[in-house]
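In: Based on what follows, work out the 3D shape:
(one chain, ligands or ions: 1)
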Amino acid sequence: MTEESKIVEEYTKVESRRGLSVTSGAGHMRLFDPRVLAMGRGEYGRLWSVIALGLLIASSYIAQGVLIALIIEAVFSGRPIAGSIPLFAGLALVIALRWAMIWANDRVAARAATNIAVSLRRRMYRKLYELGPGWMLTQKSGVVQATIVDGAEALQNYYGRFLPQVIVSSLAGLSIMAILLYVDVIIGLVVGAMMVASLLQPLAIYRGVGSGIRVWFVAMPRLFAEYVDNIQGIVTLKSFNASERHGEQLYRKTNTLYDAEIGILKDEVLWGVPLGLIAAIGGTVAIVIGALRMDAGSLSAGGLLFVLLLVREALRPVADLRQTIHFSFAGMGAAEGVLDIFEAVPPAPAPADPVAPKKLEPAIVFEGVTFRYREGDAPAVDNLSFAVQPGEKVAIVGRSGSGKTTVTSLLLRFFDPQEGVIRLGGEDIRRIRPEHLRAMYSVVSQDTYLFHGTVRDNLLLAKPGASREDLESAARTALAHEFIAALPRGYDTVVGERGVKLSGGERQRIAIARAVLKGAPVLVLDEATSSVDVANESLIREAVDRVSRDRTTIVISHRLSAVRDADRIYVMEKGRMVESGSHTDLSRCNGNYHALLMAEGECV
Ligand SMILES: Nc1ncnc2c1ncn2[C@@H]1O[C@H](COP(=O)(O)OP(=O)(O)OP(=O)(O)O)[C@@H](O)[C@H]1O
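Out: Numbers count the residues shown, from 1 in each chain. Sure thing, here's the model as predicted:
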């Protein structure tokens, strides 16, 4: 097993242990894989001008050959040179026009390729939205990121440069062959055979180096993901003095892949030579036949010259195709990852027969819900049934891994359960349109995501177009106004990537302000206070109390102190609901809740 295959296997193993698909069976790509061609369907409209210009350029070479042959024939036949002036003018015009067309073609092709990359990225982005957070939770974000950026770039040239060139080269080649067949059938056939052999050349190269390229493209995004992982975890690596060790490993892997790339290039060159020779030999044979024909008197000097020039032109389409073949290799390598995104099945598909949009009551019911992240796993949620009435505040508690967060993921429909039904306002949530469902919830989770922008931008996310007063009022309710006003530029302060310039508690209060602004009828708080200090916790709890007052609220928490005032507390254990009741009821019985209280030192 080669070193690079080992790397691929290593990445594949790591991911399959987590139940992820690496290539979802995309397998080895053919150069014209129907699925890749179908994937580019939306892009082909941009390519007609590239193809049209390519054909005009190819025709100009043929026209040039004809004109030169006519000029030379005129010279040899002793006709006065003045009679050939229109031919010279035509030749000059053809060359000038070709120059302009090559210039235009470069621009048009570059623009088409760039537009294709933009369009592919937009489509992938849309697809990611359709797949939703549930799918993203099962992927490596670095791999997805690399696929969107590098995959689209590799494919832009496959669609934008390689495919048009295939059409141009094929049509130009066929035209030249047809002309040669007309001039002399044998020469036409020899040149035709040479062209077919030469056109097989790129395919042969692909067969030879294709698997290496695939290895490269499977491993590359994963290596990229590792770099992203290492950069994001730099603080942890430093604190364990592990940054050098990890850096060394990455360096080794990068070098192996670099060697693999050099190997691919070497193979390409090696595969290229013998078939290049076939083309040269074929050309020579055709010219020799032409010379014999001339000797026998069946071909004029001009005719031989014409053949000579056309044989040379016959190689041009193949040479042009060879120049773009790299794009196809890279494109096919990247296509697997891109197809993985386009062909992925959403874990919670949009309803085929949605219920008519209507005002839904914020009443939630779980009926015998069972969910496994992967087939064969123990259920993360096991035959769960519970109900939350409108306006109630319900808490879900339990040990780490008992399934609390999975309950919220199911509620928000990141995933669909394998068994049972979840209802909102009496409707099965699978039949509620996703945008309608999302409008029902405001979520404040443990790791609030703030975008790199101002505080205002981050608040406006919840309610675009909200007035300054609205923002401030929401921030006041969330006990965030004071600290925001004290920031150097108030609401216009840039919070940094992921809000790094703010403390955990401040980020949470901005998240609560967003929830207030959104004004959704159901509030979901998933460990909202778990990563903040005591002072911030009490502020957040007060903010949460204010926000949850007129709303149906579900609180998920490790800390029992955060859920004492809930109308009902559900205790989870290994995906099951094992107890329920008020804090007072549950503290009295000697059950799981009591044990959790003991563990928190709140009960003796
Ligand atoms: N994305 C995932 N893929 C596979 N298994 C998962 C995934 N997320 C959670 N699990 C598993 O599902 C079970 C329930 O996890 P969940 O996160 O819901 O528990 P939790 O009670 O919220 O834990 P914590 O309090 O530590 O956040 C655990 O066994 C966990 O390993």
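In: Those residues of the stretch 401-550 of the chain touching the ligand, which are they?
Out: Residues of the stretch 401-550 of the chain lying close to the ligand (C-beta under 6 Å from any ligand atom) are G401, S402, G403, K404, T405, T406. All C-beta atoms are positioned from the backbone trio N, CA, C, and that covers glycine.
In: a markdown table please, covering the residues you listed and showing pLDDT.
Out: Formatted as a markdown table, these follow (pLDDT from 0 to 100):
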| residue | pLDDT |
| --- | --- |
| G401 | 88 |
| S402 | 90 |
| G403 | 91 |
| K404 | 91 |
| T405 | 89 |
| T406 | 92 |
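In: Can you tell me which of those residues are buried?
Out: Neighbour counting with 16 or more other C-beta atoms under 10 Å marks S402, G403, K404, T405, T406 as buried within those.
In: Now render the residues you listed as TSV, adding secondary structure.
Out: Listed next are these as TSV, based on DSSP: H, G, I helix; E, B strand; the rest coil:
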residue	secondary structure
S402	coil
G403	coil
K404	helix
T405	helix
T406	helix
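In: What is the subsequent helix or strand relative to the worst-scoring helix or strand of the chain on mean pLDDT?
Out: Every helix and strand of the chain was ranked by mean pLDDT, DSSP states H and E. The lowest is helix 3-17, at a mean of 54. Under the assignment DSSP states H and E, the closest C-terminal helix or strand after helix 3-17 is helix 34-39.
In: Packing partners of that next one?
Out: The contact analysis (3 or more C-beta pairs under 8 Å, 6 or more residues apart in numbering; DSSP states H and E) places helix 34-39 against helix 301-342.
In: Quickly note the distance from S198 to the ligand.
Out: 51 Å (C-beta to the nearest ligand atom, to the nearest Å).
In: So what's the residue count around that residue?
Out: 25 (other C-beta atoms under 10 Å).
In: Wasn't it part of a strand?
Out: No: going by three-state DSSP, the assignment for S198 is helix, not a strand.
In: Is it correct that it is in contact with V311?
Out: No: taking contacts as C-beta atoms under 8 Å, S198 lies outside contact range of V311: 11.9 Å.
In: which residues touch the residue nearest the centre of the chain?
Out: Most central in the chain under C-alpha atoms, centre = their mean is I148, positioned 3.3 Å from the mean C-alpha point. Residues in contact with I148 (C-beta atoms under 8 Å, 6 or more residues apart in numbering) are R121, M124, Y125, I341.
In: Closest to the ligand out of the residues you listed?
Out: Comparing the contacts of I148 against the ligand with C-beta to the nearest ligand atom places I341 closest, at 18.1 Å.
In: which residue packs closest to that closest one, ignoring adjacent ones?
Out: M124 (5.2 Å; C-beta to C-beta, 6 or more residues apart in numbering).
In: now for the helix or strand harbouring the one you found, which elements pack on it?
Out: Using DSSP H and E, M124 maps to helix 85-136. Packing contacts for helix 85-136, counted by 3+ C-beta pairs under 8 Å, 6+ apart, involve helix 48-76, helix 152-157, helix 301-342.
In: So which of those is nearest V443?
Out: V443 lies closest, by C-beta to C-beta, to one member of the helices and strands packed on helix 85-136: helix 301-342, at 24.9 Å.
In: and the helix or strand just after the closest one, which residues are buried?
Out: Next in sequence after helix 301-342, counting helices and strands by DSSP H and E, comes strand 364-371. Neighbour counts over strand 364-371 (16+ other C-beta under 10 Å) mark I364, V365, F366, E367, V369, F371 as buried.
In: Just put those in a markdown table and tack on distance to the ligand and pLDDT.
Out: As requested, the buried residues of strand 364-371 are exported to a markdown table (distance: C-beta to the nearest ligand atom, whole Å; pLDDT from 0 to 100):
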| residue | distance to the ligand | pLDDT |
| --- | --- | --- |
| I364 | 17 | 94 |
| V365 | 19 | 94 |
| F366 | 14 | 95 |
| E367 | 19 | 95 |
| V369 | 13 | 95 |
| F371 | 9 | 95 |
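In: of all the residues you listed, which comes closest to L265?
Out: Out of those, the member with the shortest distance to L265 (by C-beta to C-beta) is F371, at 48.4 Å.
In: Can you tell me the SS state at the residue of the chain most remote from its centre?
Out: Distance to the chain centre peaks in the chain at G78, reaching 66.5 Å (criterion: C-alpha atoms, centre = their mean). Taking three-state DSSP as the rule, one finds G78 in the coil state.
In: For it, list the residues it contacts.
Out: For G78, the contact set (C-beta under 8 Å, 6+ apart) is empty.
In: which helices and strands does the next helix or strand after the helix holding M124 pack with?
Out: Once the chain leaves helix 85-136, the next helix or strand it forms, by DSSP H and E, is helix 141-146. On a contact count with 3+ C-beta pairs under 8 Å, 6+ apart, helix 141-146 meets helix 185-232, helix 301-342.
In: out of these, deepest packed?
Out: Neighbour counts (mean count of other C-beta atoms under 10 Å) averaged over each of the helices and strands packed on helix 141-146 peak at helix 301-342, with a mean of 22.
In: Next, the angle helix 85-136 makes with it.
Out: Helix 301-342 and helix 85-136 meet at an angle of 10 degrees, taking axes from the mean of the first three to the mean of the last three C-alpha atoms, to 10 degrees as the criterion.
In: And I264, what's its pLDDT?
Out: pLDDT, I264: 70.
In: That one: neighbouring residues, count only.
Out: I264 has 21 neighbours, counted by other C-beta under 10 Å.
In: angle of the helix or strand harbouring it against helix 301-342?
Out: Using DSSP H and E, I264 sits within helix 243-295. Between helix 243-295 and helix 301-342, the angle comes out at 150 degrees (the same axes, to 10 degrees).
In: Quick check: the residue of the stretch 201-350 of the chain nearest the ligand.
Out: Closest point on the stretch 201-350 of the chain to the ligand, by C-beta to the nearest ligand atom, is P347, at 10.5 Å.
In: Could you find the closest non-adjacent residue to that residue?
Out: P347's closest residue in space is G134 (C-beta to C-beta, 6+ apart), at 4.1 Å.
In: what sits against that neighbour?
Out: P346, P347, A348, S409, R413, F414, F415 are the contacts of G134 under C-beta under 8 Å, 6+ apart.
In: Please report how far it lies from the ligand.
Out: Remark: distance between G134 and the ligand (C-beta to the nearest ligand atom) = 9 Å.
In: quick one on the thing from earlier: now the helices and strands packed on helix 141-146 as JSON lines including distance to A543 and mean pLDDT?
Out: Below are these laid out as JSON lines (distance: least, C-beta to C-beta, whole Å; pLDDT from 0 to 100):
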{"stretch": "helix 185-232", "distance to A543": "29", "mean pLDDT": "74"}
{"stretch": "helix 301-342", "distance to A543": "38", "mean pLDDT": "81"}
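In: Let me see the confidence value for the residue of the stretch 51-200 of the chain found nearest the ligand.
Out: Proximity to the ligand, evaluated over the stretch 51-200 of the chain using C-beta to the nearest ligand atom, is greatest for L137 at 4.6 Å. pLDDT, L137: 80.
In: for L270, same thing?
Out: Looking at L270, the pLDDT reads 66.
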